[in-house]
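# sequence? don't have it. structure:
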């Protein structure tokens, strides 16, 4: 499949309907650009697991302050 679009104001791109259908994209979805030797590839990003993310936040207290970071990394 090959299709075209143009960059518009503020580097925005109007996604062709064929691409939206192929990637099953909906408004608000996140896309990922993968750059490698073969070129640039576009794919739909996996959804964020909000329950996991919320549960994880309580375990990251060691990064609550700049002082804690300074103390933790003082010997590096």
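Yep, it's here. Since the model is a prediction, treat every value here as computed from it, not as a measurement. Numbers count the residues shown, from 1 in each chain.

# Please enumerate the strands of the chain.
Applying DSSP state E to the chain gives strands spanning 7-8, 12-13, 31-36, 39-44.

# quick one, which of those is nearest to residue 69?
Proximity to residue 69 (C-beta to C-beta) singles out strand 31-36 among these, at 29.1 Å. For glycine as for every other residue, the C-beta is placed from the backbone atoms N, C-alpha and C.

# which residues touch the closest one?
Strand 31-36 is contacted by residues 23, 25, 40-45 when judged by C-beta atoms under 8 Å, 6 or more residues apart in numbering.

# Can you say which of these are buried?
residue 25 (16 or more other C-beta atoms under 10 Å).

# Could you export the strands of the chain as a markdown table, including distance to residue 67 and mean pLDDT?
Shown next, in a markdown table, are the strands of the chain (distance: least, C-beta to C-beta, whole Å; pLDDT from 0 to 100):
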| stretch | distance to residue 67 | mean pLDDT |
| --- | --- | --- |
| strand 7-8 | 45 | 93 |
| strand 12-13 | 42 | 92 |
| strand 31-36 | 35 | 94 |
| strand 39-44 | 40 | 94 |
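
# So for residue 56, which of those strands sits nearest?
Nearest of these (C-beta to C-beta): strand 31-36, 21.1 Å.
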